[in-house]
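Novice: just to be clear, the model below is a prediction. Sequence and coordinates:
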Amino acid sequence: QVQLVESGGGLVQAGGSLRLSCAASGSRFSINSMGWYRQAPGNQRELVATITSSGNTNYADSVKGRFTISRDTAKNTVYLQMNSLKPEDTAVYYCNAKFHIDLPRWIESGSWGQGTQITVSS
């Protein structure tokens with residue numbers, strides 16, 4: 001399978017910035033898309049941003065203009081630059097990858113990271 005390792009979470013004041021990273025590792029796989037989701041206490045997990053292998057991006061309305069998703073295809077890594085953070089951005093952020101993997105025949109699958117806490121203080 002494909003493992004996702006996230007880094008970059010933490011505590012920040014409102015108006016501050018953070019950058020998340022997520023690296024995918026494994027063997028015989030090809031990434032279709034990667035993205036970030038978040039889940040605040042008592043809420044469902046929601047999409048934050050995604051990026052496809054061709055570079056197409058999609059953002060939740062609540063983060064447009066503040067967050068930027070990017071990727072390094074050579075490193076199978078996706079980044080989320082978060083600026084102008086607000087207290088309502090506080091959540092556990094999860095990395096997600098959708099990919100094809102040779103098991104040995106090629107199938108479509110997905111993985112989630114372990115999650116990283118982002119806390120924005122007012």
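Specialist: Thanks, I have the structure now.
Novice: buried ones in stretch 110-122?
Specialist: Within stretch 110-122, the residues that count as buried by 16 or more other Cβ atoms under 10 Å are 111, 113, 115, 116, 118, 120. (C-beta placed from N, C-alpha, C; glycine too.)
Novice: let me see the mean pLDDT of stretch 102-115.
Specialist: Mean pLDDT, stretch 102-115: 92.
Novice: my error: substitute stretch 89-99 in the last question.
Specialist: 97.
Novice: and the contacts of that stretch?
Specialist: 2, 4, 6, 9, 20, 22, 24, 29-40, 43, 45, 48, 50, 63, 78, 80, 82, 108-120 (Cβ atoms under 8 Å, 6 or more residues apart in numbering).
Novice: excluding chain neighbours, what is closest to the residue nearest to the spatial centre of the chain?
Specialist: In the chain, the C-alpha nearest the mean C-alpha coordinate belongs to residue 36, at 2.6 Å (Cα atoms, centre = their mean). Excluding the flanking residues, the one nearest residue 36 by Cβ to Cβ, 6 or more residues apart in numbering is residue 48, at 4.3 Å.
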